[in-house]
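Trainee: sequence first, then the predicted structure:
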Amino acid sequence: MKRLLYILYTWLLFVPVFLVLTLITALTTIIGCLLGGEKIFAYYPGMLWSRITCWLALCPIKIKGREHIDRTKSYVFVANHQGAFDIFMIYGFLRVPVKWVMKAGIGKIPFVGAACRAAGFIFVDNSSAKAAANSVKEAEKALRKGASIVVFPEGSRTYDGKMIRFKRGAYQMAVDQHLPIVPITLNGPFYVLPIGTLNLRRHRMEMIIHPPISLEGTDVSHKGLQQVADHTQEIIRSALWEEFK
């Protein structure tokens, strides 16, 4: 009975309100950034949108490890990718302005894609080696301007809640810009809205922010960067709920 009531709540209230909020957020971001307020409008409208979305979904959220972050510094945040609500958790509750590294397909979503471009987010184009390299250059340009970025090194959402091997791209950016990596463990979004469904499930969620990892002196060969990627993946795995390890 509770499940049925939540499904009705989702489609009769959550979805309509979410769509209106998304449109308002996108338009606010686009207009604000075009008027020269990127520092404010690239972050705060999306942050509020994300928080409200989590609250509307009626999902309890627990955050650990914010004390590891210095808001005056830039980082490359790397996280496991359990579901669509990963974005809402990080954007809404990390409390650090970030630029997102996201799939090129998101840029085709009406209003949302335009808002992401206005905010200076980076679209990853893997259609060719040259296009992928250009995506990395755009991300590094954002980092040089003092931004922090968020990357899901798995490249896509998990199908079973467990992680696949991390790719090296985020670590190359961090090495090139002399920035620390911050691993983030996400638990619960897989239950709320995993890949392949549009039906929300009410479930608690948790975000654990681990201490930054300096990459100074790191072996920058492909093998060395992959070892760092594997190491941060193990840190993230260590805080996963047992069913996701």
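Mentor: Great, that's in hand. Only a predicted model underlies this, so the values are computations on that prediction, with no experimental measurement involved.
Trainee: pick out the residue closest to the middle of this protein.
Mentor: By C-alpha atoms, centre = their mean, the chain has its centre lying nearest to I87, at 4.4 Å.
Trainee: test my guess that that residue contacts M47.
Mentor: No - applying C-beta atoms under 8 Å, one finds I87 not in contact with M47, separated by 11.3 Å. For every residue, glycine as well, the C-beta is placed using N, CA and C.
Trainee: circling back: which strand or helix spans the residue nearest to the centre of the chain?
Mentor: helix 85-93 (DSSP states H and E).
Trainee: list the contacts of the helix or strand just after that helix.
Mentor: Sequence order places strand 98-103 as the next helix or strand after helix 85-93, per DSSP H and E. Applying C-beta atoms under 8 Å, 6 or more residues apart in numbering, the contact partners of strand 98-103 are 42-43, 77, 87, 90-91, 116, 119-124, 135, 139, 142, 147-152, 156, 170.
Trainee: quick one: what helix or strand has T185 in it?
Mentor: Using DSSP H and E, T185 falls in strand 181-187.
Trainee: packing partners for the next helix or strand after that strand?
Mentor: Using DSSP H and E, the helix or strand that follows strand 181-187 in sequence is helix 189-192. With contacts taken as 3 or more C-beta pairs under 8 Å, 6 or more residues apart in numbering; DSSP states H and E, helix 189-192 sits against helix 85-93.
Trainee: what ranges do the helices span in the chain?
Mentor: Applying DSSP state H to the chain gives helices spanning 2-9, 15-34, 38-41, 44-56, 85-93, 112-118, 129-144, 169-177, 189-192, 222-238.
Trainee: and the last one, what's buried?
Mentor: Counting neighbours by 16 or more other C-beta atoms under 10 Å, one finds that the buried residues in helix 222-238 are 225-226, 228-229, 232-233, 235-236.
Trainee: just the angle between the helix holding I87 and strand 98-103, please?
Mentor: Relative orientation of helix 85-93 versus strand 98-103 (axes from the mean of the first three to the mean of the last three C-alpha atoms, to 10 degrees): 170 degrees.
Trainee: which residues are contacting helix 85-93?
Mentor: If you take C-beta under 8 Å, 6+ apart as the criterion, helix 85-93 is touched by 46-51, 53-54, 57, 59, 61, 63, 77, 79-80, 98, 100, 150, 152, 157, 184, 186, 188-189, 192-193, 205, 207.
Trainee: got it, and stretch 119-127?
Mentor: Applying C-beta under 8 Å, 6+ apart, the contact partners of stretch 119-127 are 29, 33, 38, 41-43, 46, 99-104, 106-107, 116-117, 131-132, 134-135, 138-139, 142, 147, 149.
Trainee: buried members of those residues into ChimeraX, please.
Mentor: To isolate the buried members of those in ChimeraX, using 16+ other C-beta under 10 Å:
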select :29,33,38,41,42,43,46,99,100,101,102,116,135,138,139,142,147,149
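Trainee: pLDDT of the helix holding I87, averaged?
Mentor: Across helix 85-93, pLDDT averages out at 97.
Trainee: give the buried residues for it.
Mentor: The neighbour-count check on helix 85-93 (16+ other C-beta under 10 Å) flags 85-93 as buried.
Trainee: quick one: T22 and F111 touch, right?
Mentor: Yes - taking contacts as C-beta under 8 Å, T22 lies within contact range of F111: 7.4 Å.
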